[in-house]
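Q: okay, sequence plus prediction incoming.
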Amino acid sequence: MKNQIVAGVLYQIADLLDLKGEIFFKTRAYRIAAQTIEVLDDDIEDLVKQDRLKEIPGIGEALAKKIKELVETGKLEYFEKLKKEIPEGLLKMLEIPGLGPKKVASIYKNLGITTIPALRQACKDGKLRDLECFGLITEQNILRGIQMKEKTSGRVLLNLAYKDGQNYFNYLKKCDKIQRLSLAGSLRRYKETMGDLDILASSDNPEEVIDFFIKYNDIKQVLLKGNTKTSIVLNDDLQVDLRVVEDKSFGAALQYLTGSKEHNVKLRSLAIKEGYKLNEYGLFDKKNDKFVVGKNEEEIYNKLGLEYIEPELRENRGEIQAAKEKKLPDLVKLDDIKGDLHVHSVYSDGFEQIEDIANFCKKNGYKYVGITDHSQSLHIAKGLNEDQIKKKIKEIETLNKNIDNFKIFCGTECDIKTDGTLDYPDRILEMFDYVCVGIHIGFKMDSKQATDRYLKAMENKHVNFIAHPTCRLIGHREPFELDLEKMFDKAKETNTYLEINSFPDRLDLNDLNVKIAKEKDVKFVIGTDSHHISHLAFMQYGISTARRGWLEKNDILNTYSLNELEKIFNK
DNA sequence: GCCGTTTTCGGCCCGACTGTTTTCAGTCG
């Protein structure tokens, strides 16, 4: 049983216990354990076999027993019992913003409501307002929450949030009452999706800043407005929160607002151990409540004996320990990228001529670009046959003669057929400068079939890297249930690079899998999968995923110089 | 439910804002 599945069960138990009204600290214990297992290097099955579960911090007698039962039998009696006791629909109701376990439990207990449609009807009928702690406004808030959840599935993709965030940021820069300003929250950590945006400002006139903030012209609704904090909803339904603090607290507030929540809990515990108290106003001496530092994030981390931790790493995935030991990675930067190796042209389903793509890339500082059009059997994407490939190679040769200090590679994104063989024979694969392979049809496979399909493809000596390995589309298609351990081992063995696909709804491999693969010494390519010149800018999201996966420059093929790259391709 | 060099019991990160409860619980980050 996979770590993720065990973690998933523990998260659900935590929610169910919340609904039952269990004490906060008990449910938190389940969530902490789930989170730890989710990012564990070791396979949970091995730990059970070796009887080592209790070595994991946050797992004691009771949890170890439950995890053992779950892993060994595939079932957990305690969990099954809870599910019988509490209707599953209540878990869905917890996802509605503004509804927590107490309110959901009250709605269930008093009105017997177990589904979101029934809840909506009850709100419309005014049945909730008579319950204790509920009122007319609560009903309206729940209705709005349901609507928002349905419209956006609760999460917005990184590129949309980034655009909204940048626009708001640029507007706020015009407010002369603001001293310092920063985006915060999951956007600053570059999470792949987010529920809302957080912005932080420092000022001596918080009320005026808040007034300026809510005068932004793209606002649909003001949700709340306090003295130091306000929340609005943009016209595209994304919620934006602003917090205003004194400038001496800016670093502490930025640290706090950037999160993640789990990182902050860990950091605050560390602060207590070191004799401090940490909140959004600063780091304080625990004994006399005296302000120690708070103006900058760096000084807070340093005071706690840590190296500065980049926002992308703040997920409680071992970064605090690494910062203590001064072993944080030197994260790759956008500037390190020398070229894009996953780009489509008019030869297949791209919109631009190779020459235009190359000129744009060169102008933007790249040293090379690889044009990877689709292969012959992918008719819907105008996959190339042998004659078209020859024509394309010839065109690229001519272009390369006329362009200095830049090289165009002729690659392919060759389909992996359902049996794991490739869409071109070796004789044709040899014609390309390099070969990227991917899956675009035949998605219905079980875990073993999908894994074997890739393993076989990697055996082909012409294959350089695998495009969007899990084939997920965020919000639309679940990732393949691959045996990633086998995949990563084979990638290492065959020297196959794995792509971090930068398209915002792919980001595939994702941050967590990147980190796990890196620990197995796998190497990566960051590609944009561009079909249009504007897509080339998606590179920044691939980079942020790489950074969230702890990657350094040397882990990534397309940070290498043209010379180094040619040597690798010619091997 | 976890954890421990003051504790095997009694702690567990901390604060803002809302709505409705006239003194605070619930939710969120």
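A: Great, that's in hand. Not measured: the values here are computed from a predicted model.
Q: for DNA strand B, what's the nearest residue on the stretch 351-500 of chain A?
A: Relative to DNA strand B, the nearest point of the stretch 351-500 of chain A is A:Gly475 (18.6 Å; Cβ to the nearest atom of the strand). Where you see a C-beta, it was placed from the backbone N, CA and C, and this is true even at glycine.
Q: err, the stretch 301-450 of chain A, not the other one
A: Closest point on the stretch 301-450 of chain A to DNA strand B, by Cβ to the nearest atom of the strand, is A:Asn316, at 12.0 Å.
Q: once you drop chain neighbours, what's closest to that residue?
A: A:Glu262 (3.8 Å; Cβ to Cβ, 6 or more residues apart in numbering).
Q: tell me which strands and helices the helix-or-strand element of chain A with minimal mean pLDDT is in contact with?
A: Between all helices and strands in chain A, the lowest mean by mean pLDDT, DSSP states H and E belongs to helix A:136-152, at a mean of 81. For helix A:136-152, the elements it packs on are helix A:116-124, judged by 3 or more Cβ pairs under 8 Å, 6 or more residues apart in numbering; DSSP states H and E.
Q: show me the contact partners of the helix it packs on.
A: A:89, A:92-93, A:96, A:107, A:111, A:113, A:128, A:139-140, A:142-143, A:146 (Cβ atoms under 8 Å, 6 or more residues apart in numbering).
Q: scan these and report the most crowded one.
A: Within the contacts of helix A:116-124, A:Met93 tops the neighbour count with 26 neighbours, counted by other Cβ atoms under 10 Å.
Q: strands along the stretch 151-300 of chain A, start to end?
A: Counting by DSSP state E, counting those that start in this stretch, the segments of the stretch 151-300 of chain A that form strands are A:156-157, A:180-184, A:193-194, A:196-202, A:219-225, A:229-234, A:239-245, A:276-279, A:282-285, A:291-293.
Q: and for A:Leu82, the neighbour number?
A: 17.
Q: ignore the last one, A:Val514
A: Based on other Cβ under 10 Å, the number of other residues close to A:Val514 is 24.
Q: do A:Lys363 as well
A: Neighbours of A:Lys363 (other Cβ under 10 Å): 9.
Q: please report phi then psi for it.
A: The phi/psi pair for A:Lys363 (degrees, to the nearest 10) reads phi -60, psi -30.
Q: ok, it to A:Ile357 distance?
A: 11 Å (Cβ to Cβ, to the nearest Å).
Q: spatially nearest residue to A:Asp373 (excluding sequence neighbours)?
A: Per Cβ to Cβ, 6+ apart, closest to A:Asp373 is A:Ser348, 3.6 Å.
Q: wait, a helix at the one you found?
A: No: counting by DSSP: H, G, I helix; E, B strand; the rest coil, one finds A:Ser348 to be coil, located in no helix.
Q: contact residues of the stretch 201-350 of chain A facing DNA strand B?
A: Residues of the stretch 201-350 of chain A found near DNA strand B (Cβ under 7 Å from any atom of the strand) are A:224-229, A:239, A:241, A:257, A:259, A:261, A:264-265, A:268-269, A:272, A:277-281.
Q: just the buried ones from those?
A: Among these, those scoring as buried are A:Thr228, A:Gln239, A:Asp241, A:Leu257, A:Gly259, A:Asn264, A:Arg268, A:Lys277, A:Leu278, A:Glu280, A:Tyr281 (criterion: 16 or more other Cβ atoms under 10 Å).
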